[in-house]
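Trainee: Provided below for reference: sequence and predicted model.
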Amino acid sequence: MNHGGLVVWLKAWADQVNAEKDYISDLDNAIGDGDHGFNMSKGLTAYLDARAIKPADTISDEFKMLGMTMLSKVGGASGPLFGSAFLSMSKDTAGIDELSVEDVVKLLSNALEAIQKRGKATVGEKTMIDVWHPAIELLKKNELTKEAIDGLVDATIPMMATKGRAAYLGERSIGHIDPGSYSSGLMLKHLLSVL
């Protein structure tokens with residue numbers, strides 16, 4: 001993946017989040033504040049607006065622009081978590097203009113560490129980690145597909161949330177898709193399209 005492919009990936013993700021912001025917020029309404037879709041849409045739109053004014057020159061700068069925008073424009077936990085992930089990717093891609101699948105695995109693995117350091121979540125707590133972690137493991141084995149990602153998102157339905165706003169619901173969080181996992185799933189599916 002080169003810089004052009006990266007832009008295609010991120011724009012496609014932003015466009016889909018914008019198209020589905022009501023649905024994503026409805027998912028969040030069931031177990032959270034009900035604003036995840038709107039917050040993600042706000043951040044991704046701000047990123048698209050920023051790059052329309054002054055496009056980034058490198059892969060690293062592209063990730064930095066997105067990460068900083070998510071941190072500054074997205075409320076709730078999503079801004080710091082996604083922002084930390086993309087800033088980690090920016091750091092890891094300094095001076096790099098082409099990414100192999102192996103490079104992407106490393107980027108995602110380090111970004112996952114940044115998310116976990118910020119959010120303190122682990123696998124099985126009904127958070128975006130429940131999509132990121134197994135997706136990275138599948139990508140390592142070249143077995144990550146869009147169907148597999150959908151399966152990982154759906155696997156959050158029977159989980160009970162023990163982190164974040166949804167944790168206050170306890171057992172009532174069971175039976176719902178985790179919205180951060182859903183938006184992460186969209187991101188990963190669009191990434192697959194450019195690898």
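Mentor: Arrived safely, thanks for sending. Numbers count the residues shown, from 1 in each chain.

Trainee: how much space between the most far-flung residue of the chain relative to its centre and residue 162?
Mentor: Farthest-out residue of the chain from its mean C-alpha position, per Cα atoms, centre = their mean: residue 171, at 25.2 Å. Distance of residue 171 to residue 162, given as Cβ to Cβ, to the nearest Å: 11 Å. In this view, the C-beta of every residue, glycine as well, is placed from N, C-alpha and C.

Trainee: Residue 91 now?
Mentor: Using Cβ to Cβ, residue 91 is found at 30 Å from residue 162.

Trainee: Which SSE is immediately downstream of the helix or strand encompassing residue 81?
Mentor: Assigned by DSSP states H and E, residue 81 falls within helix 78-92. Once helix 78-92 ends, the next helix or strand along the chain (criterion: DSSP H and E) is helix 101-119.

Trainee: List the contacts of that next one.
Mentor: With Cβ atoms under 8 Å, 6 or more residues apart in numbering as the test, helix 101-119 has contacts from 1, 77, 80-81, 84-89, 92-93, 96, 99, 121-122, 127-129, 132-133, 135-136, 139-140, 142, 163-164, 191, 195.

Trainee: ok, now stretch 4-15?
Mentor: 1, 44-45, 47-48, 51, 59, 62-63, 66, 99, 186-187, 190-191, 193-194.

Trainee: Buried residues in that stretch, which are they?
Mentor: Residues of stretch 4-15 classed as buried under the neighbour-count rule (16 or more other Cβ atoms under 10 Å) are 5, 6, 7, 9, 10, 12, 13, 14.

Trainee: So which of those are in helices?
Mentor: 5, 6, 7, 9, 10, 12, 13, 14 (DSSP state H).

Trainee: Output the residues you listed as CSV; include the columns pLDDT.
Mentor: Formatted as CSV, those follow (pLDDT from 0 to 100):
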residue, pLDDT
5, 97
6, 98
7, 97
9, 98
10, 98
12, 98
13, 98
14, 98
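
Trainee: Of the contacts of stretch 4-15, grab the buried ones for ChimeraX.
Mentor: Buried subset of those, written as a ChimeraX selection, criterion 16+ other Cβ under 10 Å:
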select :1,44,45,47,48,51,59,62,63,66,99,186,187,190,191,194
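
Trainee: The residue nearest to residue 25 when sequence neighbours are not counted: which element?
Mentor: Excluding its sequence neighbours, the residue lying closest to residue 25 (Cβ to Cβ, 6 or more residues apart in numbering) is residue 37, at 3.5 Å. Assigned by DSSP H and E, residue 37 falls within helix 36-53.

Trainee: Contacts for that helix, please.
Mentor: Outside helix 36-53, the residues that touch it by Cβ under 8 Å, 6+ apart are 7, 10-11, 13-14, 17-18, 20-28, 62, 65-66, 69-70, 73-76, 78-79, 82, 179-180, 183.

Trainee: what residue ranges in the chain score low on pLDDT?
Mentor: The model of the chain has no residue with pLDDT under 70.

Trainee: contacting residues for the nearest residue to residue 160 once chain neighbours are set aside?
Mentor: Among residues not flanking residue 160 along the chain, residue 174 sits closest, at 5.2 Å (Cβ to Cβ, 6+ apart). By Cβ under 8 Å, 6+ apart, the contact list for residue 174 reads 157, 158, 159, 160.
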